[in-house]
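Participant: here is the input, now give the coordinates:
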Amino acid sequence: MLNLLKKKIAQSLRAHDKNSNATGTLTHKELEDLFTACMHGDINSYSLVMEQAKKGDPKAQEIAGRIYFGGHCVSVDYSQATYWWRKAAEQGHADSQNSLAINYKDGFGVEQDLEKANEWFLKAALGGSSFAMNSLGYIYRTGSGVEIDEKQALYWYEKAAKAGDLHAQHSAAVCYGLGIGTEINHSKAFEWGMLSAQAGYSEGQRLVANCYLNGEGVEENQEMAIEWYKKSAEKGNIDSIYSLGLIYTRNLKPESPQIETAKFWLKKGAELEDKRCVEELSRLLKWESE
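Facilitator: This next block holds a predicted model:
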């Protein structure tokens, strides 16, 4: 695997040398290939990244931060990761601004400082980072270093959601479903939830299933609810696993084929040590034996 990777990088660098511009700067793709090689312990790739980072290239500096944060070819060093991300962030590199914000939020390589974290999240969000936009939504919803502002939370969730962030799409759906920062609007909740669900996010799939089950924002349809609960449950979502167990235990009759399906899902939940599933499975087995 590593030999094939080295071969690929060597070919890429030879092509780069042949078509090099005056500065000899490596492209973003070449730098990403070098980072992949660093993850496999290739010290030469590390040297090439660091050479370009020291010349002031923000993409190389961002990757240098990743190298030190993850301990690739070097020992884990959060201070060095912060140093390189700051270098790139000060040049307006949005991903680095976001990474620097996370370090300030969690206290990696710097003293924890929520105010500075939020400042860098804002810069990253204004630079187009959907992750940072979603983070700002969470910050304003929970009051992390700021006063709780549900309207601002929804504003940033929707900005991130429109940029394609599936977690933000789910969060926007929750806001509309519960009336956080806005009037309750089940139709919008369903629309945002469906986008998140179609992207494969298990919480979004569970939200859509709930909408179908309860007829909120969409016509009630138990078959569609089950379909979406299953998609979510197959990703390990414990709440969806429990919901499937409950659906199949409704209106049970002796020797019903639903019994085995109900037991299947409740056993899966019990294996994951979910108390609700354990209790419901116990009741089902007791009922079945009577």
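
Participant: wait, isn't Thr142 in contact with Glu150?
Facilitator: No - assessed by Cβ atoms under 8 Å, Thr142 is found out of contact with Glu150, at 10.3 Å. From N, CA and C alone the C-beta is placed, and that goes for glycine too.

Participant: more neighbours, the two?
Facilitator: For Thr142 versus Glu150, neighbours defined as other Cβ atoms under 10 Å are more numerous around Glu150 (16 against 11).

Participant: how about stretch 171-180 as CSV, C-alpha atoms only?
Facilitator: Extracted in CSV, the C-alpha atoms of stretch 171-180 (Å, rounded to 0.1, in the frame of the first residue of the first chain):
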residue,chain,number,x,y,z
SER,A,171,-30.4,21.1,13.5
ALA,A,172,-32.4,23.5,11.4
ALA,A,173,-35.1,20.8,11.2
VAL,A,174,-35.1,20.5,15.0
CYS,A,175,-35.4,24.3,15.4
TYR,A,176,-38.5,24.4,13.1
GLY,A,177,-40.0,21.3,14.7
LEU,A,178,-39.7,22.7,18.2
GLY,A,179,-40.1,26.4,17.5
ILE,A,180,-36.5,27.4,18.5
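
Participant: pull the contacting residues for Gln61.
Facilitator: Ala53, Trp84, Trp85, Lys87, Ala88, Gln91, His93, Ser96 (Cβ atoms under 8 Å, 6 or more residues apart in numbering).

Participant: got those as TSV, with neighbour count and pLDDT columns?
Facilitator: What follows is the contacts of Gln61, written out as TSV (neighbours: other Cβ atoms under 10 Å; pLDDT from 0 to 100):
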residue	neighbour count	pLDDT
Ala53	22	97
Trp84	28	98
Trp85	30	98
Lys87	22	98
Ala88	26	98
Gln91	15	97
His93	23	97
Ser96	29	98
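
Participant: the residue nearest in space to the middle of the chain: which element?
Facilitator: Nearest residue to the geometric centre of the chain (Cα atoms, centre = their mean): His167, 6.1 Å. Using DSSP states H and E, His167 sits within helix 166-178.

Participant: can you give me how far that helix is from the chain middle?
Facilitator: 14 Å (Cα atoms, centre = their mean, to the nearest Å).

Participant: adjust the sequence numbering to begin at 13 for everything that follows.
Facilitator: Okay, residue one is now 13; in that scheme the one you just asked about reads as helix 178-190.

Participant: alright, I will stop here.
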